[in-house]
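A.B. asks: pasting the sequence and the predicted model now:
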Amino acid sequence: MAREYRGDSSQGISPSRQRSEATQSTSSWTRDNYQVGAIMRVFVQDFLTYDKAEFVPGPFLNMVIGPNGTGKSSLVNAICLGLGFPAKLLGRATTIGEFVKHNQSSAVIETELRGPGPDNINIRVKITRETNQTSWWLDKKSVPHKRIQEVVKSLKIQVDNLCQFLPQDRVVEFARLNEVDLLTETLRAAAPEEVSTTHQFLQVQHKAKEDIQKRIEILQSSLEASRKRQSGLQAEVDRITEREEIRQLIDMLESAKIFAEYNALTESWKRSKRKRKAAHENLQRLKTQSEPALEVLKNKEDYLKSLARASRERQEKVQQAERAVQQASTKLEEMNDKINAFGDEISQADTEYRITKSEAKNISRKLFELQKSQENDPIGELDIEAINQEIRQNEHLIRDRVSEMQAHKSKIETLRGPMESKRTEKAKLENNLRALDTQQGQRMNLLRRLSPDAKAGWEWLESNKDRFKMEVFGPAMLTCSVKNERYADQVEALLAKSDLTCFTAQCREDHTALSEQLYKKMGLSVTIRTCTTRLESMKSPISQDEVQRLGIDGFAIDLMEGPEPILAMLCVEKRLHTAVVSLRSINDAEFSYLESIPAISNMVIGNQGYRIARRRDYGNVSTTNVRQIKQAELLVNQTGGMATEKQNIERRIAELDDDMAQLRQTALEHKNSYKELGRSNDDMDTKISQLRAKKEDYQRETSRREAIPGKIAKARADLARLQKAMREKRHAVQDIKLQARLATIRLGPIALSMAAKVVEHREQIKKRAMHNILVIEAESDVQFLNARVDNVKRQLKEEQNKVAELAKACDELREQGKSLAKLVGAIKEKYEDPDVLRPFYVDKTVDEVTGKLEAERAKLELLHVGDPATMRLYEELNVAIADTQRHLENSHARLQEYQQNIEEKQSMWEPQVELLIRKISDAFAYNFEQIGCAGEVRLHKAENFDQWALHIMVCFRCVTIQPNLELVYLLTIHFIHSIHEGNGQLVQLTGNRQSGGERSVSTIFFLMALQSDAQSPFRVVDEINQGMDPRNERMVHNRMVQIACREHSCQYFLITPKLLTNLSYDDKMTVLCIASGPQMPPDVMKLDFASLIRKQRRLMAA
């Protein structure tokens, strides 16, 4: 049952209320009758045609019937969108916001599905028009869209499969469905999920197998090429190998030479070590013999060292005494400086006393002058109140005149607005008058009368062209014209007012910016279009030779000139490149030929226009609408009526001149009065200034006289302060002189202390001199003893030098040995078996090894130097061949693995697919037999699983045409059948070979054949019976009832706008009648269709 509610509620209906509102036909169904995932209820609000509606379908066949426009397909759209599938599957709108009811901001869809558990699944979505966004709820809990998709997928719902869900606008797509895709969608619809999964697996495996086979071919080719290149390099490589062997021998000889040098160096080191030992023993013997004489010398040297230490102590004491003297001297100087500072302070105090005394004399003189001025300088009286009264009177007069001046100024300002307005209007009229002499001006005048908003938009655009990314064009009537005005009537007849007054942008950004300005900011009612198509891509449907042969003047776009983007826009919008224009009449044969060209839908022949409408669903039947064209107004020069327009403008300009002259005269009178009052005010201002100056002079003198007593008091206070400061200065000088005398007394003891420290310093110097004499004596004894043991020392020194030289030689040999040992170690690491070098150096001298090395080097020089790149290339080819062979072996193994996987999976999958297709084909053939036709579904196999396909084969042996169809349609159908089935053979169903009715019958029979194996819990077919004759439609319906109402059949929705009488009915069917529209009663709950049917039956029985 489907009901439409009119109200403002935005909430869904509770489950209890759903059950109470179900019709009698659905009340007998229980929850167990519905398959898991079947639809139990659909509720919509503000969705497409509905304010509010609820659908309660049955578990088997649901026939949704109602007149066109009542909202049958809206249920299909609600099922698709309400379960989270994209809007593009419906073949209508591309954005989900377009499904919201007109003048509403949002829509709600609530879908209740049979759940796998004890509870049903409730999915609710809210669609917002402005943002094209959706909000989702699952069982009244907010969830993301992805969660809804997961739930729907788990229920095996396949709205995205044309075999399960066929909207009205995609019925034709089914017959045009690619045969490979048809097999894929059929397996999804009728086979278990693992069959489709295995199909995808086989496709992937076969693709991988083909890739491996191609890779094996490439690797084999690469291997052969590498081997050929390697064979060509062999001779050169042999020469390089021989040279390399000699080079390796030289390398071994060089290493053997190092071994020989190391062995020779080791023997030299051992000999040097023995010599050093003998020299060391001789040195020890000489030391023992010279020990007594050296002992005496050592004792005397020790005594000399002790005297040297004592000398340092004596020197320290002398320095201490010297520092004491220095400190005493510093203290004495400081006391003298202090005494001198007291003298400076006394001098400074005397100076300050004299300065203070001078200031006191100046203040005494100033005090005398103030006292004398107070006694001998009287001041006269002045009437301040009278002066103030006179100033106030003059200021009052000035204010009165200022008010009068302001009044005159206001009147002048008041006149300025009308004056400026009339001046602007005059300038605009003069511009219009000049424009009327040009074609552009005449068209602008016509645009102003035709669309003031378009003219305002054009004027704004002319001033703001730099604000756009690309050039934006104004109305075509301003920018385009007819090349020859003889064709103006014909061309203008093909265009509407909006076509000639619209604005044209060349990109979406400019379209958005212009819309923002003209619509939102300026509030203009204009048309804005965007055209990105290039004019040269708009090709006429026939050649120029055919145009000349037919005697027509051409196509409309060829008769116009203007900017290419505007002409391209007119081609896109009005197809001017396909619109035929001819001033002369043409005969019927020429007209029929032009009419038969599908691209031509508009023609203007003479003074008549022809519009051709074609109906593809009725075999390309066409109807032609003929009308009388009018005289052109917008694309011709507006010469008539311009004289009257000019006279009106000139008369208005003269009126404006008179009005402006009168306004100027009135403004001049007010301006003269304003100036006269200003001059009078200036005189009064001067008089007021003089009175104020006189008053200020008197007040200033009075203030000075009143300030004299205060100044006298201040001078007396300053004089007393300075006299006190003079006394304090005298006392300070006396104190400083007393401190100076005391400092002089303290200077005596300091001088006596310094004299004692000087005596101590002299005593320490004397002691140091006596000690230095002892040092000189000890040094003389040491020199004497040294002279006696010089010979012994010389021998010891010679032996010590000899030992050192031998030790140095041993060290040098040891260091050289270490260096050679490192080289020997490196050579041993270089060779896995260093013994291979022994034959080259054992029992051989270094010279012998060197001779052998030089001989081999000479042999190497005699050999030709090969290209190193050749050897590198040879080795690289060796590596490449090995790698290629390895990759080739791996690829063969992988190829065998893929082949084994394919054979294993195919052996299980192919029988399942064949069984399913055979079952579908049997059902499909049986359906066709019921209408006296033949049908078959064939499985096309191929080695590549991507090319496995499904062929729907049909043969319509008898055709029933509705008697009320037009004769052209009857002939077309007959002609098609004579071509397709004249021999009674099965032909493949395509999107073009069969008629619309035949495709509909084939499609519905194929979908019915899938019914018993359908994996989805529900299926939907929208208006599939369009184009069927009544006989076929009745037989199709009967067969559908038989199949869809079986016990274990899935839920089925059949949408149809028409219904034949006395159709077969099954108790498992549910008929949902759409009741929708403005005639619905306000309280829809009181609408009882069962009661209305009973009343109608009683009336018919009576």
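C.D. replies: Cool, the structure landed.
A.B. asks: low-confidence ranges, the stretch 601-750 of the chain, go.
C.D. replies: 615-621, 636-646, 704 (pLDDT under 70).
A.B. asks: tell me, please, the helix or strand in this structure that averages the lowest pLDDT.
C.D. replies: Every helix and strand of the chain was ranked by mean pLDDT, DSSP states H and E. The lowest is helix 15-21, at a mean of 32.
A.B. asks: tell me how far E492 lies from N484.
C.D. replies: To N484, E492 is 13 Å away according to Cβ to Cβ, to the nearest Å. C-beta: built from backbone N, CA, C; applies to glycine.
A.B. asks: no no, S673
C.D. replies: The value you get for S673 to N484, if Cβ to Cβ is used, is 67 Å.
A.B. asks: and if you look at P709?
C.D. replies: 112 Å.
A.B. asks: ok so, going back, who has more neighbours out of E492 and N484?
C.D. replies: E492 (23 against 11; other Cβ atoms under 10 Å).
A.B. asks: cross-check the contact I'm expecting between the more buried one and G609.
C.D. replies: No - applying Cβ atoms under 8 Å as the test, E492 and G609 come out as separate, 10.6 Å apart.
A.B. asks: now V626: which helix or strand?
C.D. replies: strand 621-628 (DSSP states H and E).
A.B. asks: note down every partner strand of that strand and its orientation.
C.D. replies: strand 608-615 (antiparallel) (DSSP bridges).
A.B. asks: can you show me the CA trace of the partner strand as CSV?
C.D. replies: C-alpha atoms of strand 608-615 as CSV (Å, rounded to 0.1, in the frame of the first residue of the first chain):
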residue,chain,number,x,y,z
GLN,A,608,7.6,29.6,-42.6
GLY,A,609,9.4,27.8,-39.9
TYR,A,610,9.5,24.0,-39.5
ARG,A,611,10.3,22.1,-36.3
ILE,A,612,10.8,18.4,-36.6
ALA,A,613,10.2,16.1,-33.6
ARG,A,614,11.3,12.5,-33.7
ARG,A,615,10.2,9.6,-31.4
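A.B. asks: tell me the secondary structure at R529.
C.D. replies: Three-state call for R529 (DSSP: H, G, I helix; E, B strand; the rest coil): strand.
A.B. asks: got it, and the one 10 residues further on?
C.D. replies: Under three-state DSSP, the three-state class of K539 is coil.
A.B. asks: now it. Nearest residue, chain neighbours left out?
C.D. replies: Excluding its sequence neighbours, the residue lying closest to K539 (Cβ to Cβ, 6 or more residues apart in numbering) is H577, at 7.0 Å.
A.B. asks: list phi and psi for R114.
C.D. replies: Backbone torsions of R114, given as degrees, to the nearest 10, read phi -70, psi 120.
A.B. asks: sorry, wrong one. I was asking about T128.
C.D. replies: phi -100, psi 120.
A.B. asks: ok, P167 touching L75?
C.D. replies: No - contact criterion Cβ under 8 Å: P167 and L75 do not qualify, at 10.7 Å.
A.B. asks: tell me which of those two has more neighbours.
C.D. replies: Shown here are P167 and L75; by other Cβ under 10 Å, L75 has more neighbours (28 against 23).
A.B. asks: separation between the more buried one and K1095?
C.D. replies: 28 Å.
A.B. asks: kindly report the same for D119.
C.D. replies: On the measure of Cβ to Cβ, D119 and K1095 end up 40 Å apart.
A.B. asks: for E1033, same thing?
C.D. replies: For E1033, the distance to K1095 - Cβ to Cβ - is 30 Å.
A.B. asks: of these two, who's got more company?
C.D. replies: A direct count of neighbours by other Cβ under 10 Å for E1033 and K1095 places E1033 higher, at 25 against 10.
A.B. asks: in a helix, that one, correct?
C.D. replies: Yes - counting by three-state DSSP, E1033 is part of a helix.
A.B. asks: hmm, L1060 and it touching each other?
C.D. replies: Yes - counting by Cβ under 8 Å, L1060 is a contact partner of E1033 at 6.3 Å.
A.B. asks: quick check: longest helix of the protein.
C.D. replies: The residue-count maximum for a helix in the chain (DSSP state H) belongs to helix 642-788.
A.B. asks: re the thing from before, check contacts around the residue nearest to K539.
C.D. replies: Going by Cβ atoms under 8 Å, 6 or more residues apart in numbering, H577 touches 538-540, 555-557, 571.
A.B. asks: and the gap between the residue most central in space within the chain and F468?
C.D. replies: Residue closest to the average C-alpha location in the chain (Cα atoms, centre = their mean): E509, at 16.7 Å. Distance, E509 to F468, using Cβ to Cβ: 8 Å.
A.B. asks: distance of the closest residue to L877 other than its chain neighbours from D883?
C.D. replies: Of all residues not flanking L877 in the chain, Q230 sits nearest, at 4.5 Å (Cβ to Cβ, 6+ apart). Q230 sits 14 Å away from D883, going by Cβ to Cβ.
A.B. asks: ok, now L862?
C.D. replies: Plainly put, L862 is 38 Å away from D883 if you go by Cβ to Cβ.
A.B. asks: over to E352?
C.D. replies: E352 is 110 Å from D883, by Cβ to Cβ.
A.B. asks: repeat for V842
C.D. replies: Distance, V842 to D883, by Cβ to Cβ: 44 Å.
A.B. asks: next one: R243
C.D. replies: Taken as Cβ to Cβ, the span from R243 to D883 is 28 Å.
A.B. asks: quick one, which of the two is more surrounded?
C.D. replies: Counted by other Cβ under 10 Å, R243 and D883 do not tie: R243 has more neighbours, with 17 against 14.
A.B. asks: just the pLDDT for that one.
C.D. replies: Looking at R243, its pLDDT is 72.
A.B. asks: tell me where the model's unsure across the stretch 151-300 of the chain.
C.D. replies: Low-confidence segments of the stretch 151-300 of the chain (pLDDT under 70): 168-169, 171-172, 175, 289-297, 300.
A.B. asks: show me where it has its strands.
C.D. replies: Applying DSSP state E, counting those that start in this stretch to the stretch 151-300 of the chain gives strands spanning 165-166.
A.B. asks: show me the helices in it, by range?
C.D. replies: For the stretch 151-300 of the chain, the helices defined by DSSP state H, counting those that start in this stretch cover 171-175, 179-190, 193-232, 234-289, 291-376.
A.B. asks: TSV for the ones you listed, including distance to D658?
C.D. replies: Shown next, in TSV, are the helices of the stretch 151-300 of the chain (distance: least, Cβ to Cβ, whole Å):
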stretch	distance to D658
helix 171-175	75
helix 179-190	84
helix 193-232	92
helix 234-289	113
helix 291-376	78
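A.B. asks: do you know which of these lies nearest G84?
C.D. replies: Nearest to G84 among the helices of the stretch 151-300 of the chain is helix 179-190 (17.6 Å), distances taken as Cβ to Cβ.
A.B. asks: who does the closest one touch, helix- and strand-wise?
C.D. replies: For helix 179-190, the packing partners by 3 or more Cβ pairs under 8 Å, 6 or more residues apart in numbering; DSSP states H and E come out as helix 193-232, helix 868-929, strand 949-955.
A.B. asks: how far does it sit from its chain's centre?
C.D. replies: Mean C-alpha position of helix 179-190 versus that of the full chain (Cα atoms, centre = their mean, to the nearest Å) differs by 39 Å.
A.B. asks: how about stretch 994-1014?
C.D. replies: For stretch 994-1014, the distance to the chain centre is 48 Å (Cα atoms, centre = their mean).
A.B. asks: return it as PDB; C-alpha atoms alone will do.
C.D. replies: The C-alpha trace of stretch 994-1014 is given here as PDB (Å, rounded to 0.1, in the frame of the first residue of the first chain):
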ATOM      1  CA  GLN A 994      15.100  -5.400 -32.300                       C
ATOM      2  CA  SER A 995      12.200  -3.000 -31.800                       C
ATOM      3  CA  GLY A 996      11.500  -1.400 -28.400                       C
ATOM      4  CA  GLY A 997       8.600  -3.800 -27.700                       C
ATOM      5  CA  GLU A 998      10.800  -6.800 -28.600                       C
ATOM      6  CA  ARG A 999      13.600  -5.600 -26.300                       C
ATOM      7  CA  SER A1000      11.100  -5.100 -23.500                       C
ATOM      8  CA  VAL A1001       9.700  -8.700 -23.900                       C
ATOM      9  CA  SER A1002      13.200 -10.200 -24.100                       C
ATOM     10  CA  THR A1003      14.400  -8.200 -21.100                       C
ATOM     11  CA  ILE A1004      11.500  -9.100 -18.800                       C
ATOM     12  CA  PHE A1005      11.600 -12.800 -19.900                       C
ATOM     13  CA  PHE A1006      15.300 -12.900 -19.200                       C
ATOM     14  CA  LEU A1007      14.900 -11.300 -15.800                       C
ATOM     15  CA  MET A1008      12.000 -13.800 -15.000                       C
ATOM     16  CA  ALA A1009      14.300 -16.600 -15.900                       C
ATOM     17  CA  LEU A1010      16.600 -15.500 -13.200                       C
ATOM     18  CA  GLN A1011      13.900 -15.300 -10.500                       C
ATOM     19  CA  SER A1012      14.200 -18.800  -9.000                       C
ATOM     20  CA  ASP A1013      18.000 -18.400  -8.600                       C
ATOM     21  CA  ALA A1014      18.100 -14.800  -7.600                       C
END
